[in-house]
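K.L.:
Next come a sequence and a model predicted from it.
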Amino acid sequence: MAEVFARHKQPWTADELSKLRILAGKGKGLKEIAKALKRTEESTRDRARSDGIGIAKLR
């Protein structure tokens, strides 16, 4: 059976956290930030909440 690499529950790196803060500070939306970080919207939202980072709600 072939070995499958799953990227589940990977720890956040300092680089990703700084990019999250920068993009959120620029007013980017959740979907755009998650795509830039190559993470799910859910994990991005959860991490932002735990760090007290506000993400803009695009309308």
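P.N.:
That came through, no problem. Please read all numbers here as calculations on a predicted model, not as lab measurements.

K.L.:
what's next to stretch 39-54, contact-wise?
P.N.:
The contact list for stretch 39-54, computed with Cβ atoms under 8 Å, 6 or more residues apart in numbering, reads Trp12, Glu16, Leu17, Leu20, Arg21, Ala24, Leu30, Lys31, Ile33, Ala34, Leu37, Ile55. No exception for glycine: its C-beta is placed from N, CA and C like everyone else's.

K.L.:
try 10 Å
P.N.:
With contacts defined as Cβ atoms under 10 Å, 6 or more residues apart in numbering, stretch 39-54 is touched by 7-10, 12, 16-17, 20-21, 23-25, 27, 29-37, 55.

K.L.:
Ok, stretch 20-30 next?
P.N.:
Here stretch 20-30 has contacts from 12, 32-37, 39, 41-42, 44-45, 47-48, 51, 53-59, using Cβ under 10 Å, 6+ apart.

K.L.:
center of the protein, which residue is that?
P.N.:
Nearest to the mean C-alpha position of the chain, by Cα atoms, centre = their mean, lies Thr44 at 3.1 Å.

K.L.:
mind listing what Glu32 touches?
P.N.:
Per Cβ under 10 Å, 6+ apart, neighbours of Glu32: Leu23, Lys26, Glu41, Ile55, Ala56, Leu58.

K.L.:
immediately after the helix or strand hosting it, which helix or strand?
P.N.:
Here Glu32 sits within helix 30-37, counting by DSSP states H and E. Downstream of helix 30-37, the first helix or strand assigned by DSSP H and E is helix 41-51.

K.L.:
returning to that earlier point: just the buried ones among the contacts of stretch 39-54, please.
P.N.:
Buried subset of the contacts of stretch 39-54 (neighbour count, 16 or more other Cβ atoms under 10 Å): Glu16, Leu20, Leu23, Ala24, Gly29, Leu30, Glu32, Ile33, Ala34, Leu37, Ile55.
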